[in-house]
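> Sequence first, predicted coordinates after that:
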Amino acid sequence: MQEDDELELPVLNSTYLECQKGIREWIDKAETFSPTSKVKFQQWAKGTEIVLAEAQLQQESYHAIESQIHQQQICGQTKSCWVIQKGGVITVEGARLRKKEKEERQKMTAIKKAQKDIQIAVNKAKAALYRHGIDARKAEKERKKQVLNIQTHSGIVPPELLIPITNPEKNPTPHDLEALQLPPDLLQALLMLEPTSFNTPTLR
């Protein structure tokens with residue numbers, strides 16, 4: 001076999017972004033699948049994206065903790081570990097306390113931002129579903145009007161006009177249900193920041 005005919009081995013994904021990009025490429029290809037296979041694949045892909053996001057957040061948290069432990073070990077090996085800052089010289093304990101207070105403030109700011117972003121996503125999803133409901137009710141009203149008009153003139157009603165137009169607010173499709181899901185990346189970020197308890201807006 002000539003060198004040009006040799007098969008190239010597939011390149012394995014090494015980053016979260018590469019994995020996410022690959023999944024989205026296959027989601028686009030899933031448009032050609034059968035309806036059942038398409039729904040099953042989209043559900044699998046959605047779950048996989050959430051798991052990947054969790055793993056990425058856990059990895060970042062692990063690296064941050066590892067770096068913090070390393071710095072503490074270095075400082076612990078020095079008998080007189082002082083920190084020089086603009087206001088003068090402070091002890092390690094004082095520096096750690098200030099660092100902890102700063103981290104707490106940053107954490108609260110990040111939590112509030114994540115909660116705000118989730119609430120914005122909730123409001124947008126509710127507004128979109130409401131608009132779809134209005135459009136569906138108008139379309140169903142127009143369909144009934146056309147059917148009645150045809151029947152009044154003893155005409156034959158086309159098959160497509162015999163299919164009722166459902167209201168997505170009462171009978172949401174799988175696509176509508178997917179759109180109503182809260183952003184998994186924001187939820188996971190909020191869970192990492194405040195794992196014990198937090199108020200999460202609901203779409204119900």
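Great, that's in hand.

> Now the element after the helix or strand where Arg137 lies, going C-ward?
For Arg137, the element it lies in under DSSP states H and E is helix 92-152. Sequence order places helix 174-179 as the next helix or strand after helix 92-152, per DSSP H and E.

> what is the rounded mean pLDDT of that next one?
Averaged over helix 174-179, pLDDT sits at 72.

> helices and strands around it, which ones?
helix 35-76, helix 92-152 (3 or more Cβ pairs under 8 Å, 6 or more residues apart in numbering; DSSP states H and E). Every C-beta, even on glycine, is put in place using the N, C-alpha and C of the backbone.

> can you put these in JSON lines and add mean pLDDT?
Formatted as JSON lines, the helices and strands packed on helix 174-179 follow (pLDDT from 0 to 100):
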{"stretch": "helix 35-76", "mean pLDDT": "71"}
{"stretch": "helix 92-152", "mean pLDDT": "84"}
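
> want to throw those helices into TSV with distance to Leu161?
Below are the helices and strands packed on helix 174-179 laid out as TSV (distance: least, Cβ to Cβ, whole Å):
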stretch	distance to Leu161
helix 35-76	23
helix 92-152	5
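
> And the ones you listed: which comes nearest Pro168?
Ranking the helices and strands packed on helix 174-179 by proximity to Pro168 (Cβ to Cβ) places helix 92-152 first, at 4.7 Å.

> ok, back up a step: between the helices and strands packed on helix 174-179, which gets nearest to Asn167?
The closest of the helices and strands packed on helix 174-179 to Asn167 is helix 92-152. By Cβ to Cβ, the value is 4.9 Å.

> now for the closest one, which elements pack on it?
Helices and strands touching helix 92-152, by 3+ Cβ pairs under 8 Å, 6+ apart, are strand 82-85, helix 174-179, helix 184-193.

> coming back round to it: quick one: closest of the helices and strands packed on helix 174-179 to Asp28.
helix 35-76 (10.6 Å).

> what residues are up against Ile150?
Shown in contact with Ile150 (Cβ atoms under 8 Å, 6 or more residues apart in numbering): Ile156, Val157, Leu161.

> coming back round to it: so which of the helices and strands packed on helix 174-179 comes closest to Ile23?
helix 35-76 (5.2 Å).

> How is the protein divided into domains?
Using the TED database, the domain parsing of the chain gives 16-76, 102-193.

> Columns distance to Gly94 on top of those domains, output as JSON lines?
Formatted as JSON lines, the domains of the chain follow (distance: least, Cβ to Cβ, whole Å):
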{"stretch": "domain 16-76", "distance to Gly94": "13"}
{"stretch": "domain 102-193", "distance to Gly94": "13"}
